[in-house]
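A.B. asks: Attaching a predicted model along with its sequence, questions to come.
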Amino acid sequence: MATRPKLRSGQSSLLSTDLLAYYRQASRSLLTVVDVETTGSLAHKSRVIEVSVLQASLEEGIQRQQTYLINPRSRIPWPITQVTGITQEMIEDAEPPDTVWPKCRSWLNEGILTAHNLAFDYSFLQSEYRRLGNPFVRSVSEQLCTVLLSRILLADLPSRSLPNLVNHFGFGVGTSHRAEADTLACWLLAEKLLTQIQQEPDEVILQRFSQQWMRLQDAAALLKCPKKKAQEILEQAKVDYRLSQSNKGLLYRRGEVEGVFWERKQKI
């Protein structure tokens, strides 16, 4: 097995050449795609009520998928039912967590753990296994977030939410916000984007990477300095920016940030 490129704490703050090496390796690997539907947004307070795990690779396509409704003996808030369509009655006869999660464990330990907004799903996986006294940990090099991948390759789309990407690409996956459909959508997105990375020349992919809008905190991590200092450095270099639509944070083009990085490195 080829050695995967070593990643630091976060993929979004890596240089483009490191990202390209990582994604090229991922394109040749087994992906274990996961999606969870939950009773809330905080893993330590909420529970998983549905999980789907799908394994696939670019070479062999989808190999298997399994989906479970779960009864964690918790009430499903009405707003969650409105979004997911999962009702209290639907989980009444579902299997409990201590039955479902051991079934999923061997799959989740294989390949590269993949999800759309992986940090969310991963936090719930960790919380559920922690409750069973069986910690679940995957290294950064064994993780792939399709939100980050889509930010890099689809920089100028107005939205990279999974439902909007499903509509953009015309994926036929069924109803969004159900684990089975969202896991399939995540795989189709990963398949499409990783195929491009696998097949297109380095210079083409690196040019596309350069168009990514990086958050200030990621630019600061790449420049190896605090956020305030990074903002000063980028202002002095006259690097253009825009404001994030979601939180009005500063965003910079990856290519320009990396240009500043290499200029500073040459001066050291």
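C.D. replies: Done, it's in. Remember, predicted model here, so these are calculated numbers, not experimental data.
A.B. asks: I'd like to know how many residues surround Ile62.
C.D. replies: A count of nearby residues for Ile62, using other CB atoms under 10 Å, gives 15. Any C-beta I mention is one placed from the backbone N, CA and C, and that applies to glycine too.
A.B. asks: Need the three-state assignment for it.
C.D. replies: In three-state terms, and counting by DSSP: H, G, I helix; E, B strand; the rest coil, Ile62 is strand.
A.B. asks: surely it meets Leu54?
C.D. replies: Yes. With contact taken as CB atoms under 8 Å, Ile62 and Leu54 are classed as touching, separated by 6.4 Å.
A.B. asks: Can you check which residues contact both of these two?
C.D. replies: Trp187 (CB atoms under 8 Å, 6 or more residues apart in numbering).
A.B. asks: Please enumerate the helices of the stretch 151-268 of the chain.
C.D. replies: For the stretch 151-268 of the chain, helices defined by DSSP state H, counting those that start in this stretch occupy the ranges 162-169, 179-199, 202-209, 216-223, 227-236, 254-267.
A.B. asks: so what does the longest one touch, helix or strand wise?
C.D. replies: Contact partners of helix 179-199 among helices and strands, from 3 or more CB pairs under 8 Å, 6 or more residues apart in numbering; DSSP states H and E: helix 16-26, strand 31-38, strand 48-57, strand 61-69, strand 112-115, helix 146-153, helix 162-169.
A.B. asks: Let's have these in TSV, adding mean pLDDT and distance to Ser210.
C.D. replies: Conversion of those to TSV gives the following (pLDDT from 0 to 100; distance: least, CB to CB, whole Å):
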stretch	mean pLDDT	distance to Ser210
helix 16-26	95	7
strand 31-38	98	26
strand 48-57	98	28
strand 61-69	97	31
strand 112-115	98	24
helix 146-153	95	10
helix 162-169	94	21
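A.B. asks: Using a markdown table, lay out the ones you listed together with distance to Ile205.
C.D. replies: Below are the helices and strands packed on helix 179-199 laid out as a markdown table (distance: least, CB to CB, whole Å):
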| stretch | distance to Ile205 |
| --- | --- |
| helix 16-26 | 6 |
| strand 31-38 | 19 |
| strand 48-57 | 20 |
| strand 61-69 | 23 |
| strand 112-115 | 19 |
| helix 146-153 | 8 |
| helix 162-169 | 19 |
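A.B. asks: So for Lys228, which of those sits nearest?
C.D. replies: Of all the helices and strands packed on helix 179-199, the one in closest proximity to Lys228, counting by CB to CB, is helix 146-153 (23.5 Å).
A.B. asks: Was I right to think Thr17 contacts Leu206?
C.D. replies: Yes. Taking CB under 8 Å as the definition, Thr17 is a contact partner of Leu206 at 7.3 Å.
A.B. asks: Can you pick out the residue with more neighbours from the two?
C.D. replies: Between Thr17 and Leu206, counting by other CB under 10 Å, Leu206 is the more crowded of the two (17 against 13).
A.B. asks: All set now, cheers.
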